[in-house]
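A.B. asks: what's the 3D shape of this:
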Amino acid sequence: MMARLLLGVSLLLLVGLRLGRAATAVASEPSVSDDMRALLAFKRAISDDPLSDWNSSDADPCWWSGVWCSFSSWNSSDSRVVALDLSNSSLSGFLAPEIGSLTSLQKLILDHNAFTGSIPREIGKLKNLTVLNLGANQLVGPIPSETGDMKNISTIDLHANRLSGAIPPELGKLANLKELRLSNNNLTGTIPGSNDSIMVSTNNEDGVGLCQLAQLTDIDLSDNLLTGSIPACLGHIQRSRMAGNCFENNGTMNRPDWQCGNSTDAGKDNNSIGKDGQQKSKLQPLWLLIVEVVTGVSVLTVLTLCVIAGIRRRKDRSSRRNGVPWTRALSWKENNVISIDDDLLANVPKITRQELAEACEDFSNIIGSSHETVVYKGTMKDGREIAVVSMSAPAHYWTNYVELYFQKEVVEMARLGHENAAKMVGYCKSSDPFSRMVVFEYPPNGTLYEHLHEVEGYQLSWPRRMKIALSIARVLRYLHTELQPPFAVAALASSSIYLTEDFSPKIIDFERWRGLVGKPLLSSGCVVNGGGHSNGVVDSRHVRFMDVQANTFAFGVILLELISGRASLSKDTDDLVDWARKHLEQPGELGKLVDPKLAGSVNQESLGIICNVVNLCIDAEPSRRPSMNMIAAILEDGVDTSVRDSSLAWAEAAIS
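C.D. replies: Down below sits the predicted model:
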């Protein structure tokens, strides 16, 4: 009896002990409430917080905007935050260290915002993270070495920030890393290739350096201040971009020497190491150092004065030859602060002024003009129709600042490679007479605006309008999300969308060049960098990223024009957006938005989807507008363009 009693007590104690341990384990295991505390800390670190639906009184953060969770099929309390996607959400502030507490996080996507401060070291605690995208912000400081602790990471994108310091060799421990984008920062030092790099890991037992990354297929280190040599192992990577640095004889396009300054010696130590391990300074007599400094300053002064005198004489002769009155003397800063790199346009075709004069009937075939530009139409010898944008600016206006900005815009336009973006044919740069021109392929079928609002009789059918809408959405998705850095159209409207003979849309960004000639440093939103770099180069990246949201709104207006046939602004009707909002708010009144000339041919399901997309695009709060990636996906999934369901559509097909 006593034995049975003792056995029963022992079993009860054992079960109690196990239950206690289980309860302790459950209590210590991270839960969704822990994730919520981390998210609220993230929210508190944001200034002028637009995350209005992130409410601390909610029991579950999984329904907050930008938050994605994994849900258990039998217990919702087991849900964990697995993704935080707040791309292009107008967020500013800093990244709270508590973000490292989101231990189940797999994707952290905060690109195209305005975060400042440094990347917290706690980010290394995100062991399950596969995608880290903090690109296009204003982050500063070094890349934390703790990023090397994220064992599952496959994509790291930190481009277009203000990060400094060396690339941490600990990145070489990320065996699953496939994509590394660190372009457009201020990174210095050499690229850590392997354990033999001058940058060594704090843990020498692990393989460090980028040569350890066997899975890496895409690396972009362009536009930094990196020095030394490019490791040979990186030459075998499928997509590798290294231009715009300060490398030594690597067969890549480097920055001009004046931008690199002394950075080419950044990876070298001024002291040598003797065989006994002691440092030996390279000392020289003080008098010799003084002589070198005085000689260098004297030579530099003489050369500078010669350059100034030569440029002024050349400008003066050019002004008299072109009949342009000399209204003011150019400052030393305007002529000498920026050195123009002619290799910048090496990959863009150059067309002579004579060739363009022959193509455009001696520049008599004008199809558009403004105070800043004149647009000519012409035909090249190979039969291609072209549009030529000529800058209306005198020689004395065209300072080195404007020239550099012009060249960068030409390079920007030349990189566009989408079927619905008009292809740049080349550029013209002439001194006698002074001229700057850009040349595009010209679609011959007029603009979308003309076909919707000016052409009498023949109208675009519903299926054709839907195809045009899809094509515009796809090219904007390409410009905003597939290009790095993203490209925003300066003035997106139905009048900037030209149509080919088969009614395929082509965007031509003429407005960009008008802004260049008007106020190149102000009209584009550019700010001259006043700190960190003494060269004063215009940096328009962050402004361009903000313009992406303006493109989204403009796309919503174009959709309204397509379904309603109304112009965005008219003397006879109300503002298109204000008029449309009255009907968009009433689901039963969507039919009132439809162009009367399309009566009976409209697919009602597609109309509902289009109207929902319009509502998203024209949201008064820019941060709530979705990305074109999401918009294009909605239209591709929901809009049917294959059904030609009206006699008008069949008639259009027969006519075309």
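
A.B. asks: So which residues of the stretch 251-400 of the chain form strands?
C.D. replies: Residue ranges of the strands in the stretch 251-400 of the chain, as given by DSSP state E, counting those that start in this stretch, are 271-273, 279-281, 366-369, 373-379, 385-391.

A.B. asks: Ile618: which of these is closest?
C.D. replies: Evaluated with C-beta to C-beta, those place strand 366-369 nearest to Ile618, the distance being 27.9 Å. To be clear about C-beta, it is placed using only N, CA and C from the backbone, and glycine gets the same treatment.

A.B. asks: just to revisit the earlier point, can you redo the strands of the stretch 251-400 of the chain as JSON lines with mean neighbour count and distance to Lys592?
C.D. replies: Below are the strands of the stretch 251-400 of the chain laid out as JSON lines (neighbours: other C-beta atoms under 10 Å; distance: least, C-beta to C-beta, whole Å):
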{"stretch": "strand 271-273", "mean neighbour count": "10", "distance to Lys592": "80"}
{"stretch": "strand 279-281", "mean neighbour count": "9", "distance to Lys592": "82"}
{"stretch": "strand 366-369", "mean neighbour count": "12", "distance to Lys592": "35"}
{"stretch": "strand 373-379", "mean neighbour count": "20", "distance to Lys592": "38"}
{"stretch": "strand 385-391", "mean neighbour count": "21", "distance to Lys592": "38"}
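
A.B. asks: Now do the contacts for the nearest residue to Leu177 once chain neighbours are set aside.
C.D. replies: Setting aside the residues directly before and after it, Leu177 is nearest to Leu213 in space (C-beta to C-beta, 6 or more residues apart in numbering), at 5.3 Å. Counting by C-beta atoms under 8 Å, 6 or more residues apart in numbering, Leu213 touches Leu171, Gly172, Leu174, Ala175, Leu177, Leu180.

A.B. asks: Tell me, what's the model's pLDDT at Leu213?
C.D. replies: Note on Leu213: pLDDT of 88.

A.B. asks: Any figure for the gap between it and Thr379?
C.D. replies: To Thr379, Leu213 is 51 Å away according to C-beta to C-beta, to the nearest Å.

A.B. asks: Can you report phi and psi for Thr352?
C.D. replies: In terms of degrees, to the nearest 10, the main-chain angles of Thr352 are phi -80, psi 160.

A.B. asks: pLDDT-wise, which helix or strand of the chain ranks last?
C.D. replies: The element with the least model confidence among the helices and strands of the chain, by mean pLDDT, DSSP states H and E, is strand 527-528, at a mean of 34.

A.B. asks: what about Val81, which SS state?
C.D. replies: When the structure is reduced to helix, strand and coil (DSSP: H, G, I helix; E, B strand; the rest coil), Val81 reads as strand.

A.B. asks: how deep is it tucked in, by neighbour count?
C.D. replies: Val81: 24 surrounding residues under other C-beta atoms under 10 Å.

A.B. asks: My guess is it contacts Gly66. True?
C.D. replies: No. With the criterion set as C-beta atoms under 8 Å, Val81 and Gly66 do not qualify as a contacting pair; they are 10.4 Å apart.

A.B. asks: Quickly find the element holding Val614.
C.D. replies: Following DSSP states H and E, one finds Val614 within helix 604-617.

A.B. asks: cool, and Ala214?
C.D. replies: Assessed by DSSP H and E, Ala214 sits outside every helix and strand.

A.B. asks: give the contact list for it.
C.D. replies: The neighbours of Ala214, taking C-beta under 8 Å, 6+ apart as the test, are Ala175.

A.B. asks: try the one 10 residues further on
C.D. replies: The neighbours of Asn224, taking C-beta under 8 Å, 6+ apart as the test, are Leu182, Ser183, Asn184, Asn185, Asn186, Leu187, Thr188, Gly244, Asn245.

A.B. asks: Look up how far Thr301 lies from the closest residue to it other than its chain neighbours.
C.D. replies: The spatially closest residue to Asn224, leaving aside those adjacent along the chain, is Leu187, at 4.2 Å (C-beta to C-beta, 6+ apart). Noted for Leu187: a distance of 34 Å to Thr301, by C-beta to C-beta.

A.B. asks: quick one: which of those two has more around it?
C.D. replies: More neighbours sit around Leu187 than around the other of Leu187 and Thr301, counting by other C-beta under 10 Å; the figures are 23 against 10.

A.B. asks: Contacts only, for Asn420.
C.D. replies: Neighbours of Asn420 in contact, by C-beta under 8 Å, 6+ apart: Ser471, Ile472, Arg474, Val475, Ser504, Pro505, Lys506, Ile507.

A.B. asks: just curious, which of the residues you listed is nearest to Ile109?
C.D. replies: Top of the list for closeness to Ile109, among the contacts of Asn420 and by C-beta to C-beta, is Arg474 at 21.4 Å.

A.B. asks: The residue nearest to that closest one when sequence neighbours are not counted and Cys611: what is the separation?
C.D. replies: Once its chain neighbours are removed from consideration, Arg474 has its nearest residue in Ala632; the separation is 5.6 Å (C-beta to C-beta, 6+ apart). As for Ala632, its distance to Cys611 is 17 Å (criterion: C-beta to C-beta).

A.B. asks: Same check on Glu561?
C.D. replies: Using C-beta to C-beta, Glu561 is found at 14 Å from Cys611.

A.B. asks: Same check on Asn128?
C.D. replies: As it turns out, when the distance is counted by C-beta to C-beta, Asn128 lies 39 Å from Cys611.

A.B. asks: List the beta-bridge partners for Val67.
C.D. replies: Note on Val67: beta-bridge partners by DSSP bridges are Leu84.

A.B. asks: Give me the number of neighbouring residues for Trp63.
C.D. replies: The burial count assigned to Trp63 is 10, neighbours taken as other C-beta under 10 Å.

A.B. asks: Let me fix that, I meant to ask about Cys233.
C.D. replies: By the other C-beta under 10 Å criterion, the neighbourhood of Cys233 contains 17 residues.

A.B. asks: helix, strand or coil for it?
C.D. replies: helix.

A.B. asks: That one touches Leu216, doesn't it?
C.D. replies: No. With contact defined as C-beta under 8 Å, Cys233 and Leu216 do not form a contacting pair (9.3 Å).

A.B. asks: what residues are shared contacts of these two?
C.D. replies: In contact with both Cys233 and Leu216: Leu210, using C-beta under 8 Å, 6+ apart.

A.B. asks: Now do the end-to-end distance for stretch 106-126.
C.D. replies: 8 Å (C-alpha to C-alpha, to the nearest Å).

A.B. asks: Any buried residues in it, and which?
C.D. replies: Of the residues in stretch 106-126, those scored as buried under the neighbour-count criterion (16 or more other C-beta atoms under 10 Å) are 106-116, 118-120, 122-126.

A.B. asks: before we move on, back to that, my guess is the residue nearest to Arg474 contacts Val475. True?
C.D. replies: No. Under the criterion of C-beta under 8 Å, Ala632 lies out of contact with Val475, with a separation of 9.3 Å.

A.B. asks: And the average pLDDT for the helix or strand harbouring Phe42 is what?
C.D. replies: Using DSSP H and E, Phe42 sits in helix 32-44. When pLDDT is averaged along helix 32-44, the result is 83.

A.B. asks: Show me what the very next helix or strand once past that helix is packed against.
C.D. replies: Later in the chain than helix 32-44, the nearest helix or strand by DSSP H and E is strand 46-47. Using 3 or more C-beta pairs under 8 Å, 6 or more residues apart in numbering; DSSP states H and E as the contact criterion, the elements in contact with strand 46-47 are strand 92-94.

A.B. asks: gap between the strand it packs on and the chain center?
C.D. replies: 19 Å (C-alpha atoms, centre = their mean, to the nearest Å).
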